[in-house]
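Participant: Could you work out the structure for the sequence below:
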Amino acid sequence: MGLIVDRVVLVRVGELSVKRGWTRKEMERLLLNAMKEAAEECGGAKFTWEPGRFYAWGDVDCLKKVLSRVFGVKSVSPTYLIRFSNLDEVAEAAARLWGDDVRGRRFAVRVHRWGAHNFTSLDAAAKIGAALVSAGGKVDLERPEVELYVEIRGKRAYLYTEVLEGPGGLPLGSEGKVLALVSGGIDSPVAAWMMMRRGAHVDVFYCNLGGTLALRRVLEVVKTLLSWSYGYNARVAVADCGPLAKAIRRGVREELWNIAFKRGLYLAAAEAARVVKAAALVTGESLGQVSSQTLQALAAIERGLEMPLLRPLIGMDKDEIVKLAQRIGTYELSTRLPEYCAVFSRRPRKWATREEVEEIDLAIRDAVEEVVKNVKILRKRELDEYIKSLTPPQDIEIGELPPDAVVVDLRDGESYRRWHLPGAVRADPEDVLSLVDRMGRDKTYVFYCYGGGLSLDVAESLRKLGIKAYSIRLWRTSSQAQQRDTTS
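Facilitator: This is a model prediction of the structure:
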């Protein structure tokens, strides 16, 4: 294969190709910077480009994967680069490359050509096809078993069989900056990703109502999301929203809790957006998906908000959102998040009047200021170290049950029926606050689960609401467990 001079990754651009003048040059610069950062994961690469195409030399198998995750890239193909003087040389190289692949099989050759040549694309396809028939293949343009591609540009031919779809869209940073409200659930990371796809630099705002476990898991989701943001060291604003939840539960009627929380979240995020100089907020709402996402509720929540609010998922259904989350890589992480919330209402209202919104604002104003004041801002590249550093409060895990404590078993019902600590009640994590409201906020609560992580997180989240709560590991109560076993 003496005519095959190199292996190179061919990168096709999407919307960028229709831009003109300074706009196109700036977008090409942003795209190239992003691809260079992506290529660092492969030990670097050399890039060249021409209208509509970029070329990357380096570790081809690695580069094809990372470059297919760069916004602005329509698709990539690992190719063999042939420099030729006549069409016979291209056909000869194709036969050497693909002869074994087509032998005894149906194949089709697809040729695309740019530049001035003394042959057409059909001529090239016929010549290459004839060489492959001589190698033992059979032409079938309608139902081929093997599809072979040749892109001819001037005196260069790129031969390939693989096309990896990229995210498309516009290069990151070509459309300003937004702040995405990311909860760690399925929807909000997808909304943030879609704004990246439209060229926006996306910073992240996370309102933590749980404990250290919840924060760790959400930041893993955020880290996966931001692994797509090549070319931008995004900011992550982490807010402790315990004061907001506490203010809502004390000063807002329960049927308005969902609306009040969203309202407080928007107000706090708007202030954080000004700090990071973002021009708009992004949320993951899909119209009608839950009670706080009805048209009436959304109108109430954003009333008077002095910042554009973008909702890229507003017309999508759950199946569409899940498919995108799976593609992005956040879906599995999102489904493992603890599902409990300090401001979940059993009978949520789907609307609120102007007067009720004003009452909510008055009830949560000081809490929102406290949340904003204590926001911690991290950079994307700092997330790994920060996640490793997260540990729960030292006094939250105890070795003995306090007198008169309410003991709560967070395991599944079957495990609880087989055995539980004497006097323990069972609750799902999302029902813990209802249990506390029923039994009294002035009591001491002790939680246990399988490994200790969830009970630590539930106890930590309750402490943010001023409730005395602890976690205990089952092995630390072995004497009580043995006593229970002997009497059962």
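Participant: Packing partners of the host helix or strand of I128?
Facilitator: When elements are assigned from DSSP states H and E, I128 belongs to helix 121-134. Using 3 or more Cβ pairs under 8 Å, 6 or more residues apart in numbering; DSSP states H and E as the contact definition, the elements that helix 121-134 packs against are helix 87-102, strand 106-114, strand 138-139, strand 146-153. Any C-beta I mention is one placed from the backbone N, CA and C, and that applies to glycine too.
Participant: Am I right that L474 is in contact with V446?
Facilitator: No - with contact taken as Cβ atoms under 8 Å, L474 and V446 are classed as non-touching, separated by 11.7 Å.
Participant: higher neighbour count, the two?
Facilitator: V446 (22 against 19; other Cβ atoms under 10 Å).
Participant: Pull up the pairing partners for the helix or strand that contains the more buried one, direction included.
Facilitator: Mapping V446 onto the secondary structure by DSSP H and E places it in strand 444-448. Strands adjacent to strand 444-448 in the sheet, as given by DSSP bridges, are strand 406-409 (parallel), strand 468-472 (parallel).
Participant: starting at the chain centroid, how far to that strand?
Facilitator: Relative to the centre of its chain, strand 444-448 is centred 33 Å away, using Cα atoms, centre = their mean, to the nearest Å.
Participant: CA atoms of the helix or strand that comes right after that strand as CSV?
Facilitator: For strand 444-448, the succeeding helix or strand toward the C-terminus, using DSSP H and E, is helix 453-463. Coordinates of the C-alpha atoms in helix 453-463 are reproduced here as CSV (Å, rounded to 0.1, in the frame of the first residue of the first chain):
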residue,chain,number,x,y,z
GLY,A,453,-24.6,6.5,53.2
LEU,A,454,-28.3,7.2,52.7
SER,A,455,-29.0,7.5,56.4
LEU,A,456,-26.2,10.0,56.8
ASP,A,457,-27.6,12.1,54.0
VAL,A,458,-31.1,12.1,55.3
ALA,A,459,-30.0,13.1,58.8
GLU,A,460,-27.8,15.8,57.3
SER,A,461,-30.6,17.2,55.2
LEU,A,462,-33.0,17.3,58.3
ARG,A,463,-30.4,19.2,60.3
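Participant: Distance from stretch 418-437 to the middle of the chain?
Facilitator: 33 Å.
Participant: if we can go back for a sec, so which of the strands paired with strand 444-448 is the most surrounded?
Facilitator: strand 468-472 (a mean of 23; mean count of other Cβ atoms under 10 Å).
Participant: Just name whatever secondary elements the helix or strand where I377 lies is in contact with.
Facilitator: Assessed by DSSP H and E, I377 sits inside strand 376-379. Using 3+ Cβ pairs under 8 Å, 6+ apart, the elements in contact with strand 376-379 are strand 235-240.
Participant: Okay, buried residues for the strand holding V446 please.
Facilitator: Y445, V446, F447, Y448 (16 or more other Cβ atoms under 10 Å).
Participant: what angle do that strand and helix 453-463 make?
Facilitator: With axes from the mean of the first three to the mean of the last three Cα atoms, to 10 degrees applied, the angle from strand 444-448 to helix 453-463 works out at 160 degrees.
Participant: that older thread, what comes into contact with the helix holding I128?
Facilitator: If you take Cβ atoms under 8 Å, 6 or more residues apart in numbering as the criterion, helix 121-134 is touched by 87-88, 90-92, 94-95, 98-99, 102, 107, 109-113, 119, 139, 148, 150, 152.
Participant: Can I get that helix as PDB, trimmed to CA atoms?
Facilitator: The C-alpha atoms that make up helix 121-134 are tabulated as PDB, following Å, rounded to 0.1, in the frame of the first residue of the first chain:
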ATOM      1  CA  SER A 121     -17.900  11.100  -8.900                       C
ATOM      2  CA  LEU A 122     -19.700   8.300 -10.800                       C
ATOM      3  CA  ASP A 123     -16.500   7.600 -12.800                       C
ATOM      4  CA  ALA A 124     -14.600   7.300  -9.600                       C
ATOM      5  CA  ALA A 125     -17.200   5.000  -8.000                       C
ATOM      6  CA  ALA A 126     -17.200   2.800 -11.100                       C
ATOM      7  CA  LYS A 127     -13.400   2.500 -11.300                       C
ATOM      8  CA  ILE A 128     -13.100   1.700  -7.600                       C
ATOM      9  CA  GLY A 129     -16.000  -0.700  -7.700                       C
ATOM     10  CA  ALA A 130     -14.400  -2.600 -10.700                       C
ATOM     11  CA  ALA A 131     -11.200  -3.100  -8.700                       C
ATOM     12  CA  LEU A 132     -13.200  -4.500  -5.700                       C
ATOM     13  CA  VAL A 133     -15.200  -6.800  -8.000                       C
ATOM     14  CA  SER A 134     -11.800  -8.100  -9.200                       C
END
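Participant: Y232 is in contact with R381, correct?
Facilitator: No - taking contact to mean Cβ under 8 Å, the distance of 10.8 Å between R381 and Y232 leaves them out of contact.
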